[in-house]
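> give the three-dimensional model of this entry:
(one chain, ligands or ions: 1)
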Amino acid sequence: MKTRQLTVFRGPCAILSDLNLDIPHGKWTSIIGPNGAGKSSLLQAMAGLLKWDGFITINELHVSSFARKDLAKKIAWLDQGSASADELGDSLSAYDTVMLGRLPHQGWLHLPSEVDHISVKKALQQADAWHLRHRPLQQLSGGERQRVLLARLFTVESDILLMDEPLAYLDPPHQADFLQWQGNLLSQGKTLVTVLHEIHLALRADHLIMLDKGKLHFQGSSQDPKTHQALIALFNGRIRLEKLGDDWVALPH
Ligand SMILES: Nc1ncnc2c1ncn2[C@@H]1O[C@H](COP(=O)(O)OP(=O)(O)OP(=O)(O)O)[C@@H](O)[C@H]1O
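So this is what the prediction gives:
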């Protein structure tokens, strides 16, 4: 996925401008930056949920050349804070919530097929949420709901997964599970894009995009020392990076 001269609008205001981003195919890219930098707005624009100008391409094809339904199958999106939102009503069960992820695969007014049911079961099991399937979404804890919404994301079976703060509400074991899910998805050739505030986890991604005040600050490999320097500068020298085993950790400075 690429953007060229991308400007993103909220109402009349340009929130992001002149973004030329290269999101490597089949890799994990993390978007990081201070509060209000425009990370969620970027993800929403890529998901087709905000007005934008410029170019967004997938495999060199402009996104506007895709039929709406094809694009819905190609890109799945997890909203920031959706675990706390009241968007889906009181009574929808976890199972039916996840089934919504299958809509791009279903015909108008068609009942879910056997394939849809198999996909929902697999996604709920993968997200460790199968035991929650009969519970209304509203009655689940934040972390339980987040796992159901991650299952909904998985069940779209899209090539590109856009995730805004996917670790929100997840306890450490489920954060570790999340890393394993990322590995599984990458081994299937998926392109993953996450907005993360947890810098040590963002550094597990292959590629980092840093935003600041609606502009690109830096993009590069997460292992590259230049990327690390840019990251420290992004947070005004208020973090330092240390290697712990194979991983990098960010400490307040
Ligand atoms: N609904 C809205 N209407 C107008 N401006 C908005 C709206 N939502 C966000 N903004 C503004 O757009 C800018 C980018 O917001 P965005 O949510 O994309 O930032 P972010 O980097 O994801 O921030 P955070 O880390 O705090 O989640 C901010 O200045 C924010 O105040």
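> low-confidence regions, the stretch 1-150 of the chain specifically.
Low-confidence segments of the stretch 1-150 of the chain, defined by pLDDT under 70, span residues 81-90.
> now do the lengthiest helix in the chain: which elements does it pack against?
For the chain, the helix with the greatest residue count under DSSP state H is helix 172-187. Judged by 3 or more C-beta pairs under 8 Å, 6 or more residues apart in numbering; DSSP states H and E, helix 172-187 is in contact with helix 142-155, strand 191-195. For every residue, glycine as well, the C-beta is placed using N, CA and C.
> so what's the residue count around residue 172?
By other C-beta atoms under 10 Å, the residues close to residue 172 number 8.
> state the distance from it to the ligand.
To the ligand, residue 172 is 22 Å away according to C-beta to the nearest ligand atom, to the nearest Å.
> all helices for this protein, in order.
Along the chain, counting by DSSP H, helices occupy 39-46, 68-74, 94-99, 114-126, 142-155, 172-187, 199-202, 225-234.
> ok now the fifth one, how far from the chain's centre?
Put plainly, it is helix 142-155. A distance of 12 Å separates the centroid of the chain from that of helix 142-155, by C-alpha atoms, centre = their mean, to the nearest Å.
> which other residues reach it?
76-79, 82-84, 94, 97-102, 119-120, 122-124, 126-129, 132, 135, 137, 140, 161, 163, 166, 168-171, 174, 178, 181, 185 (C-beta atoms under 8 Å, 6 or more residues apart in numbering).
> residues in the stretch 1-150 of the chain within reach of the ligand, list them.
For the stretch 1-150 of the chain, the contact set with the ligand under C-beta under 6 Å from any ligand atom comprises 10, 15, 33, 35, 36, 37, 38, 39, 40, 41.
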